[in-house]
Each structure stands twice: as C-alpha cells, then as structure tokens.
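Asks: let me see the structure of the following:
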Amino acid sequence: VDSVYVIDQYKDIWSKSNNIRTSVTYTEPISKKLNSSLGYEYNNSKQQSVTNSFNKDGSGDYTVYDSEFSNDFDFNTQRHAINLGVNFKSEKFEWGLNNNFRNDNMFQRNNNDNIAVNRDFTTYNPNARIRYNFTKSKSLGLNYSHANNLPSLSQIQPLRQNTDPLNIIVGNESLTPAKRDNVNLYYYSYNMLKGFNVNANVSFNQQRNSIQQNVLIDEAGVRTIMYENLTGYVANNANFWLNAGFDVLKKIKLRSGIGGNGSYSNFYNYINGELNENTNYNYALNFYLSKNSTKNVDFNLSYSPGWRTLNSSLSPERNSSGFTSSASLWYKWFLPFKLSLYGDLSYTYEAPTKAFDEKFQQVLFKPGISRKFLKGENLLVDFYVNDVFQQNKGFRRYQSGNMITQNTYNTISRYFMLKVSWDFTSMKGGNN
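Replies: Numbering: from 1, shown residues only. Alright, predicted model coming up:
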C-alpha cells in the first residue's frame, strides 16, 4: 500500500533520570581453595519523560496543544537482591555457583491522565561456571546462567505517539517475565615465544514464555503491534566466533590473523492470527594484518566478507539473502619534528536482495595530522577532517515479524576539528 501522511507538529521532548545503586558482599573462607559469599544489592532508578505536541494555529505558529499525543510519564524501578555464592579455585581447576534472588518493583504514572501502573516481580536467577587451566596461558571454560527477562514499562503501557501512524503499539498489563537459559563454551591459548594465539567462543540460549510482538495488519497496511507472552514455542539463538593470530615479522611487530563468526536465531510470533516462524543466519570471515611498533608506519588492515539470510514463513516472497562485506584501514606515519600523519578508512557493502533491489555501499575516510610539544611530549595539537567524501549515512537492514526492513537516516557528515590536549601529572611531597 502506497500512501503519504504528513505530520506537521512541533514536539517539545525532554527527560531526566537519576539512579542510586549500592551493594555489599561478605566472603567467608571455608578452606584454602573454597569460599562462600553472601551479598545484598539495592537499586533505585527514577526517570521522567515528557513530550508536548503542538499544532499550528491560524497564524501558522505552533501554539495549539495536542493533548492526545502529549505525554508526561514517571518511571520508577526499585530492586532488592540477595546473592548466595560458593567458589572453588586451584591451580588447574575453578568452579563457582551463585544464587540470585531478586525482587523488582516497577511503577509508572501517567501524570496527564493520573493513571498508574504498578508491577512486582520476584525471580530466581542462578548461574554457574567451570574452568580448567591446562597452563597459565591455555584454558577451557563453560558458563551457564538462567535469567528472567522482565517486561519493560513501555511494553506494559507504551507512550502514545503519532510519529509513525502505520505502526500502532498496544501495551499489555498481563505480561510475565520471559525465561532465558544460556550456555557459553570458550577456549583460549597464547604462546608468547611463538607469538601465536587462538580464541574460540560458542554460545547457545533458549527463551521460553518470550515476549513477542504479535501483529494485526488492516487493509490500509496499518500494523497494530501487541506485546504478548508466547507459550508452546521456544526461541533459539546461537553464536560462535574463532580467531587465530600469529607473528609475521616479530622484529618490526608485524602480525596477521584469520577468523570467522556466525549467528543463528529462530523465533515465532503471530501475524493476523497465523503463526509466523522467523529464521536468521549471519556468517563472516575475518582477515587482518597489523604493525604496531611506533616507528616509521603503523597500520591495521582488515577485511570481512559475509552472508546474511532473513526468512519469514508467512512471507517467503520477501525472504532476503545477500552478500555483505566490510574493510578498514587505520594508519599512522611517524615523521621528524614529532609530527604524525594518520587516517581511518572504512568501506561497507550490502548486496541487493529479493526484498531490496538496491545495493548499499559507503566509503568513510578521516585523515589527520598531529604534533607533540614540550619536553615530555604531553601537549598534543591535532587537526583532522571527518568524512572527507561526505558519504556518512545511517543504514540498518533487519527483520521484525514478517517484515524485513531497511532504514537509512542522516548522521553527522563532513566537519573539521582542531583539538589541543595536555596530559599532566602532579605529585607533591616533602619532608616531615
């Protein structure tokens, strides 16, 4: 559905917040390798958010107050938590178990309508870890955590807004916490003599009773989005990354490396009463070459090709798969007279897909020159140009429900900056 809807309003938006957090922990050794702990945590967060909307009057000034799309909300969250833990540590073997009992009181008041919403949640959030140290520089570890993700106050009672009339959000005061289980396996190894390192990480999490956006779409294309707990289906997410680095020329500190990363997500929601399954994949390889000697020229060059897939079971014609690529170069050339020339260059590419037939690419370049002054070289004068080619623009391609969305938006582009910084240390002392 193609349509144009003009919103001509002046909006005065402001917010203020403050947060107080304190915690105390008592640790009791049971033996040389085993100890227990008892802790208490208190957190109090307060925030006020105000949006005043004004329409034009007869003379063209924005003076007519629009009460329907004006908001004045107070958000208060108070948390009490008790932590009971036990930890063991030896030269080769470590493990720990922590039990977190938490109470969160969430309060929201609509000051314009004098309507208040108060929710209270008591949850149990345990976590455990185990690690085996082959040597001081080689370890294998496993972490597990269970968490209760609380509904936000904006999901319970969202703010009224007309900035996006095609997407209307409806709150739900009956939301309950989503339950998330996460497992993380990691390995790292570093050989200082050979200059070789390997790092690997794999994580997997499942979410039950997840808070999803169920959508109703009318004939005009207006989407009414409702937050609801989804029962009977489990959301799954998995991530991995692996990288290895090694010395190419140790004398000049030239290093290289190769790696890879990937992610998988699978979740469900309802579109006009029909179950929709969303599946996303991301894969990428990573290559880099770097030199960091603070002599002549230092640099870091990287390249990362990848592939992204976004699938929706109810809208297969909109499924999106495409090639992605990114590259970057940072360099610094050390010149006589304490001068340095430096630059930061990056390139981003997103291939066309079935959902979006246009590619996205941009080149960002920020060159600069700097000079150090004074005997201790602690006075720095730095001049640089941001976004020389004026290509800096926001870009995001993502999936939400059965919609695959691409957003582009304006950001800060080319500007010139002169910066002067002075690092100093003062130590005073004397004889008694």
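Asks: which parts of the stretch 201-350 of the chain are strands?
Replies: Assigned by DSSP state E, counting those that start in this stretch, the strands in the stretch 201-350 of the chain fall at 210-217, 223-230, 235-249, 254-271, 274-291, 297-312, 320-334, 339-350.
Asks: before we move on, what about the stretch 1-150 of the chain?
Replies: Using DSSP E, counting those that start in this stretch, strands in the stretch 1-150 of the chain cover 10-29, 34-56, 62-65, 71-89, 93-110, 115-124, 127-135, 138-149.
Asks: the third one: how far from the chain's middle?
Replies: Taking the mean C-alpha point of strand 62-65 and that of its whole chain, the gap between them comes to 38 Å (C-alpha atoms, centre = their mean, to the nearest Å).
Asks: show me what that strand packs onto, helices and strands only.
Replies: strand 34-56 (3 or more C-beta pairs under 8 Å, 6 or more residues apart in numbering; DSSP states H and E). Every C-beta, even on glycine, is put in place using the N, C-alpha and C of the backbone.
Asks: list the buried residues for the strand it packs on?
Replies: N35, G39, E41, N43, Q47, Q48, S49, V50, T51, N52, S53, F54 (16 or more other C-beta atoms under 10 Å).
Asks: over to stretch 286-296?
Replies: Buried, per 16+ other C-beta under 10 Å, within stretch 286-296: N286, Y288, S290, K291.
Asks: the first one contacts P305, doesn't it?
Replies: No: no contact is recorded between N286 and P305 when judged using C-beta atoms under 8 Å, the distance being 9.0 Å.
Asks: got any ranges where the chain has weak pLDDT?
Replies: 1-5, 158-160, 394-410, 426-432 (pLDDT under 70).
Asks: now render the strands of the stretch 1-150 of the chain as TSV, adding distance to G259.
Replies: TSV is the format used below for the strands of the stretch 1-150 of the chain (distance: least, C-beta to C-beta, whole Å):
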stretch	distance to G259
strand 10-29	36
strand 34-56	37
strand 62-65	53
strand 71-89	30
strand 93-110	26
strand 115-124	37
strand 127-135	21
strand 138-149	18
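Asks: quick one: buried residues of stretch 364-374?
Replies: Those would be L364, F365, K366, G368, I369, S370, for stretch 364-374 by 16+ other C-beta under 10 Å.
Asks: ok so, going back, okay, and the common contacts of N286 and P305?
Replies: Between them, N286 and P305 share no contacting residue under C-beta atoms under 8 Å, 6 or more residues apart in numbering.
Asks: coming back round to it: just send the strands of the stretch 201-350 of the chain back as CSV, with distance to N112 too.
Replies: As requested, the strands of the stretch 201-350 of the chain are exported to CSV (distance: least, C-beta to C-beta, whole Å):
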stretch, distance to N112
strand 210-217, 26
strand 223-230, 22
strand 235-249, 36
strand 254-271, 31
strand 274-291, 36
strand 297-312, 38
strand 320-334, 41
strand 339-350, 42
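Asks: out of these, which comes closest to S67?
Replies: Nearest to S67 among these is strand 223-230; the distance by C-beta to C-beta comes to 22.1 Å.
Asks: now for that closest one, which elements pack on it?
Replies: strand 167-170, strand 210-217, strand 254-271.
Asks: what's the closest non-adjacent residue to L84?
Replies: In this structure, L84 finds its nearest non-sequential neighbour in N99, 4.5 Å apart by C-beta to C-beta, 6 or more residues apart in numbering.
Asks: so who does the one you found touch?
Replies: N83, L84, G85, Y124, P126.
Asks: K338 touches F373, doesn't it?
Replies: Yes: the pair formed by K338 and F373 meets the contact definition of C-beta under 8 Å, at 7.3 Å.
Asks: how about stretch 179-197, which residues are buried there?
Replies: K179, R180, N182, N184, Y186, S189, Y190, N197.
Asks: what about the first one, distance to F204?
Replies: Look at K179 and F204: by C-beta to C-beta, to the nearest Å, they are 15 Å apart.
Asks: quick revisit: so which of the strands of the stretch 201-350 of the chain gets nearest Q78?
Replies: strand 210-217 (21.3 Å).
Asks: which residues are contacting that closest one?
Replies: Here strand 210-217 has contacts from 149, 151, 155, 175, 178, 223-230, 235, 267-272, 400-402, using C-beta under 8 Å, 6+ apart.
Asks: V248 contacts S256, doesn't it?
Replies: Yes: the criterion here is C-beta under 8 Å, and V248 meets it with S256 at 5.1 Å.
Asks: quick one: common contacting residues for these two?
Replies: Joint contacts of V248 and S256 (C-beta under 8 Å, 6+ apart) are L289.
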